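>>> I'll drop the sequence and a predicted model, then ask my questions.
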Amino acid sequence: MNAWLDFWNHSDNSLYVNERHRQVHFQRIAEDIVRLVPDPQSVVLDFGPGEALAADIVAARCKTLILCEAADEIRLRLAARYAGEPRIRVIAPAALDAIFDGSVDFIIINSVLQYLTPADLDGVLGTARRLIKPDGRLVIADVIPPESGAVSDISALLRFGWRDGFFLAAVGGLAATFFSPYRKLRGQLGLARHSEAELLGRLRNAGFTAERLRPNLGHNQNRLAFIAGPAGSAPAVTPDGAR
């Protein structure tokens, strides 16, 4: 985990082929999150939000949005970017200890699990279980399944680029990625992968009732998403009734 944090703390490291890609990525994630927020009075925790360029879209749909980011440099940029947004709080993971048990309505963990060790993941799920309200919801998204490969990710990126106006940049970016620090570190550390059955089991062991959520957040529908609530709560149905 520390090696990945070091990577994210370097501002010149990017997974985006250009600024258009970066902007539409975060806007789409924010719009997908908004569709899942229970109601305008919700306290929402986004664990590992990254740059969260469109967090103001989510904040407009809830009472409080807590952005919990482990990478120091990204957290400083988040704090500066949203200093004038009274509904947004930016914190480090250690500050989660000060949040009252059972006080969060909705927790989102998007595109994070691939960077967590099994022990880290169990710790995150345990914290989520402590913080979530009895009728709250946890969404884990953009989970890489064991069978996923580079071809599926490339295809998803190119479709995203074609649809949102950065196709040529995406093609060029794929070549640049081959020589990027991200690819080198990914080769050294690997990315954690989780099957549907395995992650549902982990959620169950952490005290949640969970099921698959479709569609996944973001552009890559080859990856998995899950919605969960504390064990014994009502079925995890999204606000619009879609499972």
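It's in.

>>> make it CA atoms for all contacts and neighbour counts henceforth
Noted.

>>> For the residue nearest to Ala225 when sequence neighbours are not counted, which three-state class applies?
Among residues not flanking Ala225 along the chain, Ala141 sits closest, at 4.0 Å (CA to CA, 6 or more residues apart in numbering). The local conformation at Ala141, judged by DSSP: H, G, I helix; E, B strand; the rest coil, is strand.

>>> distance of Ala141 from Ala95?
Per CA to CA, to the nearest Å, Ala141 is found 23 Å from Ala95.

>>> Just want to know which of those two has more residues nearby.
A direct count of neighbours by other CA atoms under 10 Å for Ala141 and Ala95 places Ala141 higher, at 24 against 10.

>>> which residues does the more buried one bridge with?
Asn110 (DSSP bridges).

>>> dump the residue contacts of the most centrally placed residue in the chain.
By CA atoms, centre = their mean, the chain has its centre lying nearest to Asn110, at 1.4 Å. Contact analysis of Asn110 by CA atoms under 8 Å, 6 or more residues apart in numbering lists Phe47, Gly48, Pro49, Val139, Ile140, Ala141, Asp142, Val143, Leu217.

>>> Verify the contact between the residue nearest to Ala225 and Ile109 for me.
Yes - assessed by CA atoms under 8 Å, Ala141 is found in contact with Ile109 at 6.3 Å.

>>> Just give me the residues shared between the contact sets of these two.
With CA under 8 Å, 6+ apart, Ala141 and Ile109 have no common neighbours.

>>> show me where the chain has helices.
Using DSSP state H, the helices of the chain run over 2-8, 19-34, 55-59, 72-81, 118-131, 150-164, 167-178, 181-189, 196-205.

>>> quick one on the thing from earlier: give me the distance between the residue nearest to Ala225 and Lys63.
Distance of Ala141 to Lys63, computed by CA to CA: 22 Å.

>>> just Gln114 next, same as before
According to CA to CA, Gln114 and Lys63 sit 30 Å apart.

>>> tell me which helix or strand of the chain sits lowest on mean pLDDT?
One helix or strand of the chain scores below all others by mean pLDDT, DSSP states H and E: helix 181-189, with a mean of 60.

>>> Tell me who's in contact with the residue nearest to Cys62 when sequence neighbours are not counted.
Leaving aside its sequence neighbours, Cys62 sits nearest to Pro40 (CA to CA, 6+ apart; 4.2 Å). Pro40 makes contact with Arg61, Cys62, Lys63, according to CA under 8 Å, 6+ apart.

>>> so what's the first one up against?
The one in question is Arg61. Contact partners of Arg61, counting by CA under 8 Å, 6+ apart, are Val34, Val37, Asp39, Pro40.

>>> List buried residues within those residues.
Neighbour-count burial (16 or more other CA atoms under 10 Å) is assigned, among those, to Val34, Val37.

>>> Closest one to Leu200 out of the contacts of Arg61, please.
Checking the contacts of Arg61 against Leu200 by CA to CA gives Val37 as the nearest, at 21.5 Å.

>>> Torsion angles phi and psi at the closest one?
Backbone torsions of Val37, given as degrees, to the nearest 10, read phi -70, psi 130.

>>> surely it meets Phe106?
Yes - contact criterion CA under 8 Å: Val37 and Phe106 qualify, at 6.7 Å.

>>> pLDDT score assigned to the closest residue to Gln221 other than its chain neighbours?
Once flanking residues are discounted, Gln221 sits nearest to Pro215: 6.8 Å by CA to CA, 6+ apart. Looking at Pro215, its pLDDT stands at 96.

>>> Does Pro215 touch Ala225 like I think?
Yes - under the criterion of CA under 8 Å, Pro215 makes contact with Ala225 at 7.3 Å.
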